[in-house]
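>>> following is a predicted model, sequence given first.
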Amino acid sequence: MASINANGFVCQVLSGQRLSSKLPTLAIIIYINVNILHADFLCYCLEDSVGGMTAAVKVLTLTRALTFWPVRALINVRHLDRYGRGLRDFSVSCKVCGKQRGSPKKKELSEKKLTRYFVDHRRVKLEAGSGGDGACSFHSEPRKEWGGPDGGNGGNGGDIIIKVDRQVKSLSHVSASYRGQNGESGRSKNCYGRNASPTYLSVPVGTVVKELGRMLADLALHGQEYVAVHGGGGGKGNRFFLSNENRAPMMATPGEKGEERVLQLELRTMAHAGLVGFPNAGKSSLLRAISNAKPAVAAYPFTTLNPHIGIIKYRDHEQLAVADIPGLIRGAHLNRGLGISFLRHIERCRFLLFVLDMSSPAPWEQLQHLQYELDQYEPGLSQRPRVIVANKMDLTGTQENLEALRGHVSQRVIPVSALTGNNTEELILHLRELYDGHLESNAESGEKLLRW
């Protein structure tokens, strides 16, 4: 056995083996392409010792003569009938060039990486397609000396259109940049280039399109469209410039470049209810307990860095969306700890759920600090329809804190335990009361509430 390198594939050569008296020497070279599973067998019979004749070369196909195993190629020499009956089965090892056939085991992702989060704000760069170039050509035909110009115009570039789709609920699928298709160039024989098709960008209902803080469009209806950027016009061929003064124009114009804009896409309403609280207050655990969402939960603060949406389904097929907002810290209105971006999520919720950690010494102080941060960001934000959720009631000493909390506040307090699921039914029913009351108030004012 000897190793050689042929065409980039390391193969094994079996040579010098006397298989019969009429075939003193047989050399079989196997070229194995592991990627396409193809093998060509070139069987050379060297000079015969008796007749001095040289046998021809026979090429065998993979399907008739080769059987693949994980580390070796088996050749059935019954198909080598042209070279005599004395040939027997043999194998050629290919461990040197063998590759692992099975797909490598992928590393298992953690629950936090597998969790999909909600996106309610995107910055996107849009570039429309450019127009096709005009053609410069002249008609050529036998016995027609002065055919004249016949260069066609180029096609228009494709627009980029933002379209509302009620099946889309988040902006997480929106990429950072989009580019429209270019129009085709013109050709001879007065052939015009084809106009490019528009590129559609699907967004949820209630998306607001802004540029440099100025609102351009408020997309509130299903199927509503907004042409964000227009494609460039097609260039003119030399046929366009034909006139009585110029019977043989040699000029053709290139296509125009498409428009470019950087836009901000924002959701006017992120969810019906938003969970507001300090880090490690149990907001993600509470969302798991009352909805079908599965955000990551851990025993350390700032586990949630992106909002998550959970859907609560009622028996009358009504659905209510609850958002898990990342935890706020003191000074969030000054953008401490990404506070401005977190407060922006709260601004897009219709009513608020203040989640308090009842194991802390003074949970009513948490409520005061949360309301202060919301009012500093936007005056009156903390006065939206709200409910106070006293979480972690399964811990010891929380009952006394609950009684003290009810003495400090006048709003309704709902004690729950996100870990055990205790009293979560009361919270779900109260959310439905807030939702129905908000529907009635919007019906009177003529405003349409987001239906999930």
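Structure's in. What do you need?
>>> beta partners for residue 208?
On the basis of DSSP bridges, residue 208 is bridged to residue 218, residue 266.
>>> can you give me the neighbour number for it?
17 (other C-beta atoms under 10 Å). C-beta coordinates here come from the backbone N, C-alpha and C atoms, glycine included.
>>> got any ranges where the stretch 301-450 of the chain has weak pLDDT?
Across the stretch 301-450 of the chain, residues meeting the criterion (pLDDT under 70) sit at 338, 442-450.
>>> quick one, helices of it?
According to DSSP state H, counting those that start in this stretch, the stretch 301-450 of the chain carries its helices in the segments 339-347, 363-377, 398-408, 424-445.
>>> just so I know, which of those lies nearest residue 289?
When the helices of the stretch 301-450 of the chain are ranked by distance to residue 289, counting by C-beta to C-beta, first place goes to helix 424-445 at 5.1 Å.
>>> give the buried residues for that closest one.
Neighbour counts over helix 424-445 (16 or more other C-beta atoms under 10 Å) mark 424, 427, 431, 434, 435, 438 as buried.
>>> the helices of the stretch 301-450 of the chain into JSON lines, with extra columns for distance to residue 241?
Below are those laid out as JSON lines (distance: least, C-beta to C-beta, whole Å):
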{"stretch": "helix 339-347", "distance to residue 241": "54"}
{"stretch": "helix 363-377", "distance to residue 241": "61"}
{"stretch": "helix 398-408", "distance to residue 241": "82"}
{"stretch": "helix 424-445", "distance to residue 241": "60"}
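>>> quick one: the strands in the stretch 251-400 of the chain?
If DSSP state E, counting those that start in this stretch is used as the criterion, the strands of the stretch 251-400 of the chain fall at 260-267, 271-276, 308-313, 319-324, 349-357, 386-391.
>>> with distance to residue 150 and mean neighbour count added, can I get these in JSON lines?
Below are the strands of the stretch 251-400 of the chain laid out as JSON lines (distance: least, C-beta to C-beta, whole Å; neighbours: other C-beta atoms under 10 Å):
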{"stretch": "strand 260-267", "distance to residue 150": "34", "mean neighbour count": "17"}
{"stretch": "strand 271-276", "distance to residue 150": "61", "mean neighbour count": "27"}
{"stretch": "strand 308-313", "distance to residue 150": "59", "mean neighbour count": "20"}
{"stretch": "strand 319-324", "distance to residue 150": "60", "mean neighbour count": "23"}
{"stretch": "strand 349-357", "distance to residue 150": "63", "mean neighbour count": "23"}
{"stretch": "strand 386-391", "distance to residue 150": "73", "mean neighbour count": "23"}
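>>> ok, the residue sitting nearest the centre point of the chain - contacts?
The residue lying closest to the centre of the chain (C-alpha atoms, centre = their mean) is residue 173, at 5.3 Å. Applying C-beta atoms under 8 Å, 6 or more residues apart in numbering to residue 173 gives the contacts residue 202.
>>> tell me how far residue 361 lies from residue 401.
Distance from residue 361 to residue 401, counting by C-beta to C-beta, to the nearest Å: 8 Å.
>>> so those two - more neighbours on which side?
Using other C-beta under 10 Å, the more surrounded residue of residue 361 and residue 401 is residue 401, with 23 against 8.
>>> mind listing what the more buried one touches?
Residue 401 sits in contact with 358, 359, 360, 361, 363, 390, where contact means C-beta under 8 Å, 6+ apart.
>>> and the two most separated of those?
Greatest spatial distance among those (C-beta to C-beta): 361 and 390, at 14.3 Å.
>>> hang on, the earlier thing: tabulate the strands of the stretch 251-400 of the chain (CSV), appending distance to residue 284.
Listed next are the strands of the stretch 251-400 of the chain as CSV, based on distance: least, C-beta to C-beta, whole Å:
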stretch, distance to residue 284
strand 260-267, 21
strand 271-276, 8
strand 308-313, 7
strand 319-324, 6
strand 349-357, 10
strand 386-391, 11
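>>> what about the residue nearest to residue 364 when sequence neighbours are not counted, how many residues close to it?
Among residues not flanking residue 364 along the chain, residue 408 sits closest, at 4.0 Å (C-beta to C-beta, 6 or more residues apart in numbering). Neighbour count for residue 408, taken as other C-beta under 10 Å: 13.
>>> what does the one 4 residues further on give?
Summarising burial for residue 412: neighbours were counted as other C-beta under 10 Å, giving 11.
>>> separation between it and residue 169?
Residue 412 sits at a distance of 29 Å from residue 169 (criterion: C-beta to C-beta).
>>> show me how far stretch 233-253 is from its chain's centre.
Centre-to-centre, stretch 233-253 and its host chain are 46 Å apart (C-alpha atoms, centre = their mean, to the nearest Å).
>>> what about that stretch, how long is it end to end?
End-to-end distance for stretch 233-253: 11 Å, by C-alpha to C-alpha, to the nearest Å.
>>> give the buried residues for it.
Residues 233-242, 249, 252-253 are the ones in stretch 233-253 that count as buried (16+ other C-beta under 10 Å).
>>> of the contacts of residue 401, closest to residue 397?
Nearest to residue 397 among these is residue 359, at 7.2 Å by C-beta to C-beta.
>>> picking up where we left off before, okay if I get the buried residues of helix 424-445 as a markdown table plus distance to residue 371?
Below are the buried residues of helix 424-445 laid out as a markdown table (distance: C-beta to C-beta, whole Å):
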| residue | distance to residue 371 |
| --- | --- |
| 424 | 24 |
| 427 | 20 |
| 431 | 20 |
| 434 | 18 |
| 435 | 22 |
| 438 | 20 |
